[in-house]
Every structure is written in C-alpha cells, then in structure tokens.
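Asker: From the sequence below, what's the structure:
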Amino acid sequence: MRIINHIHTYLIAIWAGLALFCAPAGAETVLIADLFDQLQSATPEQTERIAKKIESQWSRSGSAAMDVLLSRGVQALEEKDTQAAIEHLSALIDHAPDFAHGYVIRASAYFEAGYVGPALADLEQALRLNPRHFGAMIGLAVLQEGMQMPKQALITYQKVLKIMPQHPMVQEAVARLQPMAI
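Answerer: Below you'll find the model as predicted:
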C-alpha cells in the first residue's frame, strides 16, 4: 500500500505542478541542452529548479490550441475529473502525436482512473519520443515498482540518475531497490 501511495503522490505532483510549467516563458530562455548539462553538477535544490525549467519547455507544444487542450486536461485532473482529463489529453495527442509531454500527463490521468496498462503505454510512448523525459522515466519506474518489478524499476531509476544524479526521491528509490533487485 505504501508503494501505491508513493505512486499516487508522485503522479499527482507531475500534473499538479504542470500549471506552473504552462505559464508564459520568461524573457530568458535557456537552451534545454544547457539545462541538462547543469543537472550533472547540480545540488538537490538546484536539481529541482533546473528540472522545472526543463519541464516548462517540454510543456509547450508549439501550438496555442494544443496548449489549451493540455491546460484543460490538467485542470480536469486537478478537479479529479479523470474522464474529462483523458478526453482533453486524448484530443491533444490525436492532433499532436509527437508531443511527448502530452503522453506523460495523460498517463497520470489514466493512472488516476485506475487504467495502469494505458498509463504504462503512454509513458513508454513518451520515452520513445523523448528518451530523456525524466518525468516519464520516474512515472514508469514508480509503476514498475508498484507492479512488483523491482529489477526493472531499479534499472529505470538508474537511468534517471544518469540524467539528474542529485534527485533525492530517485536516490532513495535506488537505495531501497538495490537489495531487492539482486
């Protein structure tokens, strides 16, 4: 049950924080590659700040109409209307099938609705589109852990640590899973 609560908490954090990420970009736009470079030597506090900047860039679809669908999907999730969220996010993905972040947020909606299989499929698709999407990786690892797949979860968490070595939750998960995954 602790794992399910952990999954729930993490996935809620993904979409609840998205409202901040959908805000208009500031005057300063940092290249995403530079942000990934910064993650390698960042402190845990800096890691969180840099990750938010990366996710802010990932949350922009490039289309005002698609951003509206994303915003409506996130709002529906915040209101616990998972069916409406799935509908908005599915419309987003239908019109922007290469928008990886849309799949990540829809995965959260699917998970909230109790649809683990579609949530996993969306996270996997997001990673095909954006192999460095650490939000998708963490979501996948959390689901793998919840499905009693500690070895796979450990491997996925370790991939996250290669991108962001100072992520506290991921460090804790790796330490917890290493003895079980042997």
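
Asker: Name the residue closest to the centre of this protein, please.
Answerer: Centroid check for the chain by C-alpha atoms, centre = their mean gives Gly135 as the closest residue, at 2.6 Å.

Asker: Show me which residues of stretch 56-73 are buried.
Answerer: Ser56, Trp58, Ser59, Arg60, Ser61, Met66, Asp67, Leu69, Leu70, Ser71, Arg72, Gly73 (16 or more other C-beta atoms under 10 Å). (C-beta placed from N, C-alpha, C; glycine too.)

Asker: Please, where are all the helices along the chain?
Answerer: In the chain, the helices defined using DSSP state H lie at 2-16, 18-21, 32-39, 44-58, 64-78, 82-95, 100-112, 116-129, 134-146, 150-163, 168-177.

Asker: returning to what we had before: is it true that the residue nearest to the centre of the chain touches Ile54?
Answerer: No. Using C-beta atoms under 8 Å, Gly135 is not in contact with Ile54, being 9.1 Å away.

Asker: Nearest to Gln171 among the buried residues of stretch 56-73?
Answerer: Of all the buried residues of stretch 56-73, Trp58 has the smallest distance to Gln171: 22.5 Å, by C-beta to C-beta.

Asker: Find the nearest non-adjacent residue to that closest one, please.
Answerer: The shortest distance from Trp58 to any non-neighbouring residue, by C-beta to C-beta, 6 or more residues apart in numbering, is to His101 (4.5 Å).

Asker: contacting residues for the one you found?
Answerer: Neighbour list for His101: Glu55, Trp58, Ser59, Ser61, Leu70, Ala126, Asn130, His133, Gly135 [criterion: C-beta atoms under 8 Å, 6 or more residues apart in numbering].

Asker: Compute the distance between it and Ser108, please.
Answerer: Noted for His101: a distance of 11 Å to Ser108, by C-beta to C-beta, to the nearest Å.
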